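K.L.:
I'd like to go over a predicted model; first the sequence, then the structure.
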Amino acid sequence: METFDIRNQDGSVTGKIKERELVHRDGDIHGTTHVWITRKNKIGTFDVLLQLRSKDKDAFPDCYDISSAGHLLSGQDYLESALRELQEELGIKAKKKDLKYIGMYYSELTTEFHGKPFVNNEISAVYIYDRFVDISKLELQVEEVQSVRWMEYTECRNRIKAGTLNHSIILEELLMLGEAVKKLEQEDQLEKQKIAAMKFELKNSKLNNDDLKNNQLEPIEFKKKIKKCSVSEACGGCQYQGVPYYEQLRIKQTQVEQLFKGCCEVKPIIGMDNPYYYRNKVHAVVGEDKDHEIITGTYKAGTHFLVPVESCMLEDEKADAIVATLRRLFKSFKYRPYNEDKETGLIRHILIRRGFKTNQIMVVIVTGARIVPSKNNFVEALRKVHPDITTIVQNINDRTTSMILGEKENVWYGKGYIEDILCGRTFRISSKSFYQINSVQTEHLYYAAIQMAQLSGKETIIDAYCGIGTIGIVASKYVKKVIGIELSKEAVKDAIANAKCNAISNCYFHEADAGDFMLNLAQDPKKNEIDVVIMDPPRSGSTEEFLNSVVKLNPKRVVYISCNPETQVRDVKVLEKKGYKVVECRPFDMFPFTDHVENIVALHRKDK
């Protein structure tokens, strides 16, 4: 018979012990643990693991819960209980260091269970487990958990509010989870900044260009005076704020070398001559301060607190000037910022994109409603100050969501898109198009990828995850045929239009899952003549299914471009086990003053 320690509301034990059934009959306070399982997702928010509770053993059968919860047996501590529940319910063998303690939570519940009164007054210790979880390999305790699924946090919260999710989740607990994750992300950002500063302090020796050459770093003008940003600490977007540029490159070079140690030699990182104002896409959140004045800026790392930003060292200076004008015009036209909690106001976000070669400028105003009073006069006033604006677009996002852009758009001025020139090719860019943020470094990146592919003009290549077709179109004059594969319908339309705009006839773009497409191609001997696969997956890396399809297709060479070398090296090791070898590795600094680094790896089939 299980017995519990009877506790006070602060979690301390009273010295009394009772059997489980009597505790729930009498409503005594007892200890429990709740472990929330989360993961970061591709849209920049996080998912929570929902557990469908048992049909007949749980007090809430066929309902989703957000935690692995367990009672503390008498004499047991909270952390020990949390680890036990994770292993018993889900088969997760976690260690103490894997659980992040959030705090204590008191709750009261009175209901019926199998026809008997059920009183559950518990003081819970709450933990977060955010290690990698493959839900297909979990060993579920079917008496407790029928199945599990991931759900994006905001979607889960909205479905609970709307009553469209059959659940046993206490809304306050879910909100507590949201705040806890934000706090952990903020602490993680601050820790990265501290580590960068510590490395700088430790390594701040007097270096010159000869030292840099000896260490195989490009001899760029590293000694320029480091500019300081007035909001860097509040913003958190620049992990290497205040760190000399040569030191940033050294840190990133070392990071890639450590990841690929024993795999291949890493070539010197390609940095920028001028690592400032490189972002061709600028996003500003619109809000108001305590005096109800309109402000624009970015959310503080890990929070929903808006940090006012008037100028940014990384963003295009012209874009910042337009944002400043928009703040003034919003006030003049009495356009109020959208309030997510109250669902009032109009203006949510500003998005500005500029073609660095063409100087064409797109301004996107994201609104919470379709109707915008005096919009023609507003457009005229904006263009009077900035006549070089090429197009102005209204994007309508009337959903309760963390996504910036909505589905519907109205073109207020111009064609609704801009064009830019990259590696001698012209590309059409819409508000939603994926286009590399650093145009200068992208040209270096693409030319390097083409060189590493060892193209002779006779090859047929696949551009997987092709987006609007940039890499494939740039590579088209060096190959016989380009096959681009992309899941986004809109991106494929843009890719086809871009090929037509450049009068290119050897590029063919398909709306499909890249892995499925290549598997089908591999099964047709007449069509299976692929020489090179160029892949540029998202930060999460590729999937096992996609990598298996590459192996089935059996290309001579694979060129893997990645914005996350950690997931890249994981995928490269899979390809190495299946018949490929790494022949070249080259990092690029696409995002100076941040901890991100881009990397290209070239692999050859071992029999070639």
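P.N.:
In hand now; what should we look at?
K.L.:
what about this protein, any weak spots by pLDDT?
P.N.:
Where the chain drops to pLDDT under 70, the residues are 1, 42-44, 55-60, 111-116, 118, 185-228, 301-302, 525-528, 608.
K.L.:
Now do the contacts for F434.
P.N.:
Counting by CB atoms under 8 Å, 6 or more residues apart in numbering, F434 makes contact with 467-468, 491. (Each C-beta comes from the backbone N, C-alpha and C, glycine too.)
K.L.:
Could you rerun that using 6 Å?
P.N.:
Applying CB atoms under 6 Å, 6 or more residues apart in numbering, we find F434 in contact with G467.
K.L.:
quick check, it in a strand?
P.N.:
No. Read with DSSP: H, G, I helix; E, B strand; the rest coil, F434 is coil and lies in no strand.
K.L.:
Pull up the gap between it and N166, please.
P.N.:
Distance, F434 to N166, by CB to CB, to the nearest Å: 37 Å.
K.L.:
Now R149: which helix or strand?
P.N.:
strand 145-152 (DSSP states H and E).
K.L.:
Show me what that strand packs onto, helices and strands only.
P.N.:
strand 46-53 (3 or more CB pairs under 6 Å, 6 or more residues apart in numbering; DSSP states H and E).
K.L.:
can you give me the helices in the stretch 251-400 of the chain?
P.N.:
317-332, 375-385 (DSSP state H, counting those that start in this stretch).
K.L.:
outside of the last one, which residues touch it?
P.N.:
Going back to what we said before, that points to helix 375-385. Contacts with helix 375-385, where a contact means CB under 6 Å, 6+ apart, come from 325, 329, 333, 389, 392, 412-413.
K.L.:
Give me the phi and psi for S488.
P.N.:
phi -80, psi 120 (degrees, to the nearest 10).
K.L.:
Tell me how far it lies from I361.
P.N.:
For S488, the distance to I361 - CB to CB - is 24 Å.
K.L.:
if you count what's nearby, which of the two comes out ahead?
P.N.:
Ranked by neighbour count (other CB atoms under 10 Å), S488 and I361 place I361 first, with 21 against 17.
K.L.:
Can you give me every residue that contacts the more buried one?
P.N.:
Contact partners of I361, counting by CB under 6 Å, 6+ apart, are 354, 389-390.
K.L.:
List buried residues within the residues you listed.
P.N.:
Buried residues within those, counting neighbours by 16 or more other CB atoms under 10 Å: 354, 389-390.
K.L.:
Now intersect those residues with the strands, please.
P.N.:
Among the buried ones among the contacts of I361, DSSP state E puts R354 in strands.
K.L.:
can you redo the buried ones among the contacts of I361 as JSON lines with distance to G472?
P.N.:
As requested, these are exported to JSON lines (distance: CB to CB, whole Å):
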{"residue": "R354", "distance to G472": "24"}
{"residue": "I389", "distance to G472": "30"}
{"residue": "T390", "distance to G472": "26"}
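K.L.:
so which of the buried ones among the contacts of I361 comes closest to D420?
P.N.:
For those, the residue nearest D420 by CB to CB is R354; the value is 8.1 Å.
K.L.:
so what's the closest one bridging to?
P.N.:
I361 (DSSP bridges).
K.L.:
That one against V282, yeah?
P.N.:
No. Judged on CB atoms under 6 Å, R354 makes no contact with V282 at a distance of 8.2 Å.
K.L.:
quick one: N520 is in a strand?
P.N.:
No. Counting by three-state DSSP, N520 is located in no strand; its state is helix.
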